[in-house]
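Novice: Sequence and computational prediction follow.
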Amino acid sequence: MPYPTSAQVAPHPSPLRRTLQDRLDSLARTHRVPGAHLAVDTGTEVVSVHTGTADAVRGTAFTADTAVPLGSVTKTYTAATVMLLIDDEDLDLDESVADVLPEFQDLPKVTVRHLLSHTAGLPTGLDSDTAAGMTASRYLSAVCTAEDALFDPGTGFSYSNAGYVAAGRLIEAVTGMTWHEAVRVLLLDPLGITPAFLGDSLPGRPVASGHGLNTATGAVRPARQSLAPVEAPAGALLASAPDLLALGRTLIGRTAVVPSVTAALMRRPEEGTEADPLADAWGLGAALYQQDDRWWCGHDGNAQGTSCHLRAEPRSGVVVAFTGNSGGATALWRDLADQLTRLTGLRVPVTPARPDRGGPIAFPQCAGTYRNGTSEYRISLDPDGRPALSIDGDLSLPLVCYPDLSCDLVDPATGHREPGGRFHRDPVDGSVDRVQISGRTARRVGTA
């Protein structure tokens, strides 16, 4: 049966829609978010509410069709496009990427599956300024080296933009189209999504700017997007919350655009994908969140001054999507998820489920220097033996370590703890050989 789209939302506001509109309006003001959109498909009803402006300087209205820079949610669209090629037998999940891309000749064990699930052992990738003007071949040749490999493919998790630059390059090599053309023709058009990409000079739909808050003046101003063109498959797509609903329905088998068997593969936890604090596990392009006895799938994304989120649960058919055009929209999303629980009983996971980890422990073995590509992670101990982390020499953040080798990052100003990641031991000698911070793994290269 056909499922309702954003255009099929009932013209007369339901009580839930009116309440969510009030909550969104109020919370957007609280969090200083210029514009935002929440769309909820309960399986029987679609509720869509939006508020504010797409550009705080121009005062452009944020409409039901306004597309927001998705950041990393783009990766799920890229992964779905790769999966369509696999379904057509143009690619195989477990074939070596080196069979298609010569830049992977030093990493012959890396497969398509590893790229999509962030288990290839690739570093995060080059920063956008360095990558500006690079071709995909040059970018991948700089990153895909045996020297920079973080672990054997399939034995760990490290979130990697480089892996999705490679996935986009695979799409281009197989289809003969650019990534932009292929994702439009194979996925966006069938889903009924009007494409919009970073760098479009004449987008075919209304688009929103990201925004940043000037803490000195209190002014909210548009932010410039800095993603390099070569990074497009990892973060260049713009979309609305209803567009994300369409993707969510596809992930849980509610459309025929991606075959249901293929969609089920995308949301199945892959081996070795300990992804905390990003998610509980990872599938093929989808972040996975365990809630009670159910697995939700989706993705989070942040471009410059935006925050976008997707969650979908296959057994209930529920899909929840959110787009917001400022950094403060992440806190707004969390508050809205809490409001959904209060109003409907629908518990939407925004962070991984975390079992009791016990109390903090002293862990001097964690001190040392770790590396992910060109980024250096340094963990040092203060005179009392308490660890602190700095990345590339930036501000040192205190760490709190736990018996299960997980750790929290501590805000020095407030003392507030945020989940940071975990340490890993060498399976042979038991020494600490890796640290995983915010989903990115760094390999130990020296002592403190």
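Specialist: Thanks, I have it. Everything numeric in this text was worked out from a predicted model, so none of it was measured. Numbers count the residues shown, from 1 in each chain.
Novice: Toward the C-terminus from the helix or strand that C407 is a member of, list the very next helix or strand.
Specialist: If you go by DSSP states H and E, C407 is part of strand 406-410. Reading on from strand 406-410 to the C-terminus, the next helix or strand found by DSSP H and E is strand 417-425.
Novice: Any stretches of the protein with poor pLDDT?
Specialist: 1-12, 448 (pLDDT under 70).
Novice: Following the record's annotation, map out the domains of it.
Specialist: What automatic domain parsing lists as the domains of the chain is 26-353, 364-446.
Novice: Of those, which stretch is the most buried?
Specialist: domain 26-353 (a mean of 21; mean count of other C-beta atoms under 10 Å). All C-beta atoms are positioned from the backbone trio N, CA, C, and that covers glycine.
Novice: chain center to it, what's the gap?
Specialist: Offset of domain 26-353 from its chain centre (C-alpha atoms, centre = their mean, to the nearest Å): 5 Å.
Novice: Now do it: distance from first to last residue.
Specialist: 28 Å (C-alpha to C-alpha, to the nearest Å).
Novice: ditto for stretch 353-367
Specialist: The first and final residues of stretch 353-367 sit 27 Å from each other (C-alpha to C-alpha).
Novice: before we move on, what about stretch 421-436?
Specialist: Stretch 421-436: ends 5 Å apart by C-alpha to C-alpha.
Novice: again with stretch 430-441
Specialist: For stretch 430-441, the first-to-last residue distance is 18 Å (C-alpha to C-alpha).
Novice: Outside of it itself, which residues are in contact with it?
Specialist: Applying C-beta atoms under 8 Å, 6 or more residues apart in numbering, the external contacts of stretch 430-441 come out as 118, 124, 150-151, 156-160, 274-278, 365-366, 368, 370, 372, 375, 377, 379, 389, 391, 409, 420-426, 442-444.
Novice: quick one: the strands in the stretch 51-200 of the chain?
Specialist: 60-61, 68-69 (DSSP state E, counting those that start in this stretch).
Novice: Can you lay out these as JSON lines showing distance to S201?
Specialist: Formatted as JSON lines, those follow (distance: least, C-beta to C-beta, whole Å):
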{"stretch": "strand 60-61", "distance to S201": "17"}
{"stretch": "strand 68-69", "distance to S201": "15"}
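Novice: related to what we said a few turns ago, would CSV of the domains of the chain with distance to T19 be doable?
Specialist: Formatted as CSV, those follow (distance: least, C-beta to C-beta, whole Å):
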stretch, distance to T19
domain 26-353, 6
domain 364-446, 30
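Novice: Show me the helices in this structure, by range?
Specialist: Taking DSSP state H, the helices of the chain run over residues 15-30, 74-87, 112-117, 128-131, 136-143, 161-175, 179-183, 189-191, 232-235, 241-251, 260-266, 329-344.
Novice: Packing partners of the third one?
Specialist: Applying 3 or more C-beta pairs under 8 Å, 6 or more residues apart in numbering; DSSP states H and E, one finds that helix 112-117 contacts helix 74-87, helix 161-175.
Novice: Identify whichever of those lies nearest to P203.
Specialist: helix 74-87 (15.3 Å; C-beta to C-beta).
Novice: thinking again about what came up before, out of the helices of the chain, the one nearest F62 is which?
Specialist: Nearest of the helices of the chain (C-beta to C-beta): helix 15-30, 9.5 Å.
Novice: Just list what the closest one packs against, helices and strands only.
Specialist: Right, helix 15-30 is packed against strand 35-41, strand 46-55, helix 329-344 by 3+ C-beta pairs under 8 Å, 6+ apart.
Novice: Tell me the strands beside the second one, with direction?
Specialist: Yep, that's strand 46-55 we're talking about. Sheet pairing for strand 46-55, assigned by DSSP bridges, gives strand 35-41 (antiparallel), strand 60-61 (antiparallel).
Novice: Please produce a markdown table containing the helices and strands packed on helix 112-117, extended by distance to L198.
Specialist: Shown next, in a markdown table, are the helices and strands packed on helix 112-117 (distance: least, C-beta to C-beta, whole Å):
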| stretch | distance to L198 |
| --- | --- |
| helix 74-87 | 9 |
| helix 161-175 | 14 |
